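**Student:** Return atomic coordinates for the entry below.
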Amino acid sequence: MATRPPETGDSRAQNGLLALLRNAWRSLTSMRTALILLFLLAVAALPGALLPQRSLNQRLVDQYFTDYPAIAPVLDRLGFFDVFAAPWFAAIYLLLMVSLVGCVLPRTFEHAKNLRAAPVVTPRNFARLPHHATATLDVGPDEAAERIRGRLRRWRRLETEAGSSRTISAEKGYLREAGNLLFHLSLIGLLVGFGAGKLYGYGGQVIVLADGGQFCNTGILGYDSFQAGLRVDGTDLTPFCLRVDDFEATYLPDGQPESYRAAIGYQTTDDLNAGRVDQWRPYPLAVNSPLRLDGSRVYLINHGYAPRFTVTFPNGQKRTGEVQWQPVDATTYLSQGATKFEPPGITDEQKRRTSQLAITGLLAPTSSGGKVVTSVYPALRDPEVAVDVLRGDLGLDDGRGQSIFQVDQSKIDSGQLVRVARANLVPGQSITLDDGTIITFDDVRQWIALQISHDPGQDVVLVFAVLMLVGLGLSLSIRRRRFWARLTPTEDGTRTVVEIGGLARTDRAGYGEEFDRLRAHLLNISDTDGSDVDGPITAAKDG
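**Tutor:** Predicted structure coming up:
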């Protein structure tokens, strides 16, 4: 007798590794693991809902660091201020994707196989079925079989013969398996659409001044912040243009916002390609009414104010600056910012760098009055600014990025920037510096913040989400039930002993009533005969 050769150390290690990988894959793709990962994903998303996120509002993150200086750095190292981009969140999400696909695909094949399966053969003992009955009919086997076929016309049937007996197996409710198949396939399609959106989608925010400000989606340089998908480099964006014609914000008496509405015009890709650059399509943009065009969505998410200053230099040249200032109080829209100027006509590099101006301070849309300026209402009723004028090297041309809302504090600390004036101004008032430079507070203009999102997988996700609900509805509402009949002729061949049985493949009630109707039609036996519905019945009835 042949003997199996002993395994070497390398082969045992290889087999052990394969067994470990096989068991790990089975555990990962089990329904239990998928549910656990889904629960972990929900728990991991909680910090993103409870804590401020950098991708949504950097100002709130900075405020959190100010309010909780001890715990904020720890949370930052753990990635709690950018949860949905954290490696640990991506790991859970990736494992869930793999688990769902590995769990759903085998079940999809199983449901596809069940959808084509033939009815099971007739059981030997009908008395073990939850629904069964027996009767002797005064008809031959052929007529009894024809009666059953006529009643089970829409059922999937299988007929067999065993000796003198004839059996009929029937099953109905295969659409339930179609619903299961549709649900699982739609779930996979949903995951694919969601992944495609993350790969080829992008989004960003941009601030556009009202009363004629424009934005064109031609490149990432036009955005204030931009988040690109893994396969997006920002060089092939779908072009379209927006123009903000007007903006109106209404507030309740206590200062709570009631509505934000922006009258905008837009130009589609076809308009730009056709050269219709002077034609704008109007659209009333509101908070809950985004603009959808060319596969992108434009949302109105915020607004604010931009003070306009005019600087008249000693040589008579003028420069006007109008830059958005950042709200620091969401209730009253008290805003802070910095409007920066570079003196014209100076060719000396050193003198030009040390003569730059910055107007920093606070803007109150409805000023409280007095020496300390604050805002008492968010609407633009009585604007006033409290400004510091700084002169020196702002670092505008040193190649380093800087915030548009403030100046570099280190330059103030080092003396490179010096405060040369401080004043409270209302529109139309001016302040004169020591060198004769005049700074005039002209007016205040509103700006709106737009969120632009492009997700090529959104239509796919929507379609498969609807199909998934349809499949789920079919699988929950349709009952899979089975019916069997055995026809045995009597010794004289003139009568037929008919045994019938039924079984529902779900726990839903209702098949008992359907079986009673089948029994009454096929055996001419009803509940009024005094028979037990589910018990065995032996009776001679007219054919």
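
**Student:** Phi first, then psi, for the closest residue to residue 332 other than its chain neighbours.
**Tutor:** The shortest distance from residue 332 to any non-neighbouring residue, by Cβ to Cβ, 6 or more residues apart in numbering, is to residue 375 (3.9 Å). Quick note: C-beta positions are derived from backbone N, CA and C, even for glycine. Main-chain torsions, residue 375, degrees, to the nearest 10: phi -110, psi 140.

**Student:** going forward can the numbers begin at 4, since that is how I track them
**Tutor:** From this message on, residue numbering opens at 4, which makes the last subject residue 378.

**Student:** Look up which residues are beta-bridged to residue 378.
**Tutor:** residue 370 (DSSP bridges).

**Student:** what pLDDT does it get?
**Tutor:** At residue 378, the pLDDT value in this model is 95.

**Student:** Can you get me a residue count around it?
**Tutor:** For residue 378, the tally of surrounding residues (other Cβ atoms under 10 Å) stands at 26.

**Student:** Now do the same contact list for it.
**Tutor:** Going by Cβ atoms under 8 Å, 6 or more residues apart in numbering, residue 378 touches 332, 335, 336, 337, 367, 368, 369, 370, 371.

**Student:** With residue 329 instead?
**Tutor:** Per Cβ under 8 Å, 6+ apart, neighbours of residue 329: 62, 307, 338, 339, 340, 408.

**Student:** The helix or strand harbouring the fourth one - contacts with which helices or strands?
**Tutor:** Going back to what we said before, that points to residue 339. Per DSSP states H and E: residue 339 is located in strand 338-344. Applying 3 or more Cβ pairs under 8 Å, 6 or more residues apart in numbering; DSSP states H and E, we find strand 338-344 packed against strand 299-315, strand 321-325, strand 329-330, strand 359-367.

**Student:** Check whether residue 358 really touches residue 346, as I assumed.
**Tutor:** Yes: shown here, residue 358 and residue 346 form a contact pair, counting by Cβ atoms under 8 Å, at 4.6 Å.

**Student:** Quick one: residues contacting residue 245.
**Tutor:** Per Cβ under 8 Å, 6+ apart, neighbours of residue 245: 211, 217, 218, 219, 267, 268, 269, 301, 453.

**Student:** Throw together a PyMOL command that grabs the buried residues out of the residues you listed.
**Tutor:** Only the buried entries of those go into this PyMOL selection, using 16 or more other Cβ atoms under 10 Å:
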select buried, resi 211+218+267+269+301+453
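
**Student:** returning to what we had before: please name the strands paired to the strand holding residue 339 in the sheet, noting orientation.
**Tutor:** strand 329-330 (antiparallel), strand 359-367 (antiparallel).

**Student:** Nearest to residue 386, out of those strands?
**Tutor:** strand 359-367 (6.7 Å; Cβ to Cβ).

**Student:** Give me the next element, helix or strand, following that closest one.
**Tutor:** Next element after strand 359-367 (DSSP H and E): strand 387-395.

**Student:** State the mean pLDDT of the helix or strand residue 20 falls within.
**Tutor:** According to DSSP H and E, residue 20 maps onto helix 12-31. Averaging pLDDT along helix 12-31 yields 79.

**Student:** which secondary structure elements does that helix contact?
**Tutor:** helix 90-118.

**Student:** after the helix it packs on, next one along is what?
**Tutor:** Taking DSSP H and E, what comes next after helix 90-118 is strand 134-140.

**Student:** Nearest to residue 149, out of the helices and strands packed on strand 338-344?
**Tutor:** Comparing those by Cβ to Cβ, strand 299-315 comes nearest, at 62.2 Å.

**Student:** Go through that closest one and flag the buried ones.
**Tutor:** Buried, per 16+ other Cβ under 10 Å, within strand 299-315: 299, 301-303, 305-315.

**Student:** next one: stretch 23-41
**Tutor:** Buried-residue list, stretch 23-41, by 16+ other Cβ under 10 Å: 31, 32, 36, 37, 40.

**Student:** I'd like these as CSV, with distance to residue 194 appended.
**Tutor:** Output for the buried residues of stretch 23-41, formatted as CSV (distance: Cβ to Cβ, whole Å):
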residue, distance to residue 194
31, 15
32, 14
36, 16
37, 12
40, 13
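
**Student:** so the residue nearest the centre of the chain, which of the three states?
**Tutor:** Nearest residue to the geometric centre of the chain (Cα atoms, centre = their mean): residue 197, 8.1 Å. Following DSSP: H, G, I helix; E, B strand; the rest coil, residue 197 is assigned to helix.

**Student:** For residue 41, list the residues it contacts.
**Tutor:** Here residue 41 is in contact with residue 99 (criterion: Cβ under 8 Å, 6+ apart).

**Student:** what angle do the helix or strand where it lies and helix 90-118 make?
**Tutor:** Assigned by DSSP H and E, residue 41 belongs to helix 34-47. For helix 34-47 against helix 90-118, the angle by axes from the mean of the first three to the mean of the last three Cα atoms, to 10 degrees is 140 degrees.

**Student:** and after helix 34-47, which helix or strand comes next?
**Tutor:** Trace forward from helix 34-47 with DSSP H and E and the next one is helix 49-53.

**Student:** distance between that next one and the chain's centre?
**Tutor:** 15 Å (Cα atoms, centre = their mean, to the nearest Å).

**Student:** Can you give me the buried ones in the helix or strand following it?
**Tutor:** Under the assignment DSSP H and E, the closest C-terminal helix or strand after helix 49-53 is helix 61-70. For helix 61-70, the neighbour count (16+ other Cβ under 10 Å) marks 64, 67 as buried.

**Student:** who does helix 61-70 touch, helix- and strand-wise?
**Tutor:** Against helix 61-70 (3+ Cβ pairs under 8 Å, 6+ apart) you get helix 75-80.

**Student:** pLDDT of the helix it packs on, averaged?
**Tutor:** Rounded mean pLDDT across helix 75-80 is 90.

**Student:** Quick one: distance of that helix to the chain centre.
**Tutor:** 27 Å.

**Student:** Looking at the strands paired with strand 338-344, which is nearest to residue 398?
**Tutor:** strand 359-367 (8.7 Å).

**Student:** how much does the closest one deviate in direction from strand 387-395?
**Tutor:** Going by the same axes, to 10 degrees, strand 359-367 is angled at 160 degrees with respect to strand 387-395.

**Student:** how big is the angle separating strand 359-367 from strand 321-325?
**Tutor:** Going by the same axes, to 10 degrees, strand 359-367 makes 40 degrees with strand 321-325.

**Student:** among the buried residues of stretch 23-41, which two are most distant?
**Tutor:** Farthest pair in the buried residues of stretch 23-41, by Cβ to Cβ: 32 and 40, 11.0 Å.

**Student:** Can you pull the residues that touch both of these two?
**Tutor:** Shared contacts of residue 32 and residue 40, counting by Cβ under 8 Å, 6+ apart, come down to residue 102.

**Student:** Tell me how far residue 115 lies from residue 183.
**Tutor:** Going from residue 115 to residue 183 by Cβ to Cβ, to the nearest Å gives 9 Å.

**Student:** between the two, who's got more neighbours?
**Tutor:** residue 183 (22 against 16).

**Student:** Okay, residue 114 and residue 505: tell me how far apart.
**Tutor:** 23 Å.

**Student:** what about these two, which has more around it?
**Tutor:** Counted by other Cβ under 10 Å, residue 114 and residue 505 do not tie: residue 505 has more neighbours, with 24 against 21.

**Student:** That one bridge partners, please.
**Tutor:** Bridge pairing for residue 505 - DSSP bridges - gives residue 134, residue 486.

**Student:** Done for today, thanks.
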